[in-house]
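A.B. asks: Let's see this in three dimensions:
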Amino acid sequence: MSDVSETNEARFGEFVAVRRHEYVAELVLDRPKAMNAVSSEMARSVAAACDALGADPSVRVTVLTSSSDRAFCVGADLKERNSFTDDELRRQRPTARACYTGVLDLPMPSIAAVHGFALGGGFELALACDLIVADATAVVGLPEVSVGVIPGGGGTQLLPRRVGAARAAELVFTARRVPAVEASGLGLVDELVDADARGAALELAARIAANSPVGLRAAKRAMRLGQGMDVRAGLEVEDAAWRTVAFSGDRREGVAAFNEKRAPRWPGE
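C.D. replies: Numbers count the residues shown, from 1 in each chain. This is a model prediction of the structure:
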């Protein structure tokens, strides 16, 4: 895996970095010695980075990556958790939730680039993204019931929406680890490449980022809000999202660029 040190990098604490690649932001989990186990400090940093990205209208796509050669993220830091009293664990819960909801609530399209292990809360971070790109080293799973808890970073809700209730139940109840090829076949990942999940995810992000930033955010909002609604209610959500883009500068520029046979210059308004 490549070094996280780049001139266009911002740090969010010790364990999280954000790189900019023009309109694409790369949120790097950077605790390689612990295979990116999510400590309280790291959870706060992920949440802070997501807040900053969500407030930046120039970011069209976010890619979640890892600086580790061995793992995307192995989930909660169980060494830290082992020292907690019940009261400390209870007080830490909002911090953990803010980490996962921060990724889930990113207003722009998001892609997880999974290399190596993505287990427990690590896989939940990937599930919180809109798309998951993995390479042949990937191993994913939600093993929480094997240590006496349940997936608490969105897994019980996001996994059934991705693969269906029965398949999600089998994966959660058995706590098994799923290798890359099987994960692709089950729909646990969206794109499987032989090597370099990060590179493939950044290439996909660049293709997405060529499109209207206003359109991308509105389309994501419509799809997310429409989940779980009946089709009529979902169509109302879609209509509201359409109205936000139909009278925007991006729509006017997109139509003009099409008619003038040139690449659009999105105002992002």
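A.B. asks: To what extent is Gly185 buried, counted in neighbours?
C.D. replies: For Gly185, the neighbour count with other CB atoms under 10 Å is 11. C-betas here are computed from N, CA, C, even on glycine.
A.B. asks: Just the residues contacting the one helix or strand it maps to, thanks.
C.D. replies: Using DSSP states H and E, Gly185 falls within helix 180-186. For helix 180-186, contacts defined as CB atoms under 8 Å, 6 or more residues apart in numbering pick out Ala134, Asp135, Ala136, Thr137, Ala138, Val139, Val140, Val163, Arg167, Val178, Val189, Leu192.
A.B. asks: Could you do stretch 188-203 as well?
C.D. replies: So stretch 188-203 is in contact with 1-2, 21, 24, 26, 63, 65-66, 111-115, 131-138, 140, 162-163, 178, 180-181, 183-184, 204, going by CB under 8 Å, 6+ apart.
A.B. asks: Strands of the stretch 101-250 of the chain, start to end?
C.D. replies: With strands called from DSSP state E, counting those that start in this stretch, the stretch 101-250 of the chain shows them at 110-114, 117-119, 131-135, 139-141, 178-179, 191-193.
A.B. asks: elements contacting the second one?
C.D. replies: To tie it back to what came earlier, the one meant is strand 117-119. strand 71-73, strand 139-141 (3 or more CB pairs under 8 Å, 6 or more residues apart in numbering; DSSP states H and E).
A.B. asks: and those strands, which is most packed in?
C.D. replies: Burial of the helices and strands packed on strand 117-119 is given as mean neighbour count (mean count of other CB atoms under 10 Å); strand 71-73 ranks first at a mean of 29.
A.B. asks: count of neighbours near the closest residue to Phe173 other than its chain neighbours?
C.D. replies: Once flanking residues are discounted, Phe173 sits nearest to Val145: 6.7 Å by CB to CB, 6 or more residues apart in numbering. A count of neighbours around Val145, defined by other CB under 10 Å, yields 13.
A.B. asks: Leu171 is in contact with Val145, correct?
C.D. replies: No: using CB atoms under 8 Å, Val145 is not in contact with Leu171, being 10.5 Å away.
A.B. asks: what angle sits between the longest helix seen in the chain and strand 110-114?
C.D. replies: When the chain is parsed with DSSP state H, its longest helix is helix 86-104. Angle between the axes of helix 86-104 and strand 110-114 is 110 degrees (criterion: axes from the mean of the first three to the mean of the last three CA atoms, to 10 degrees).
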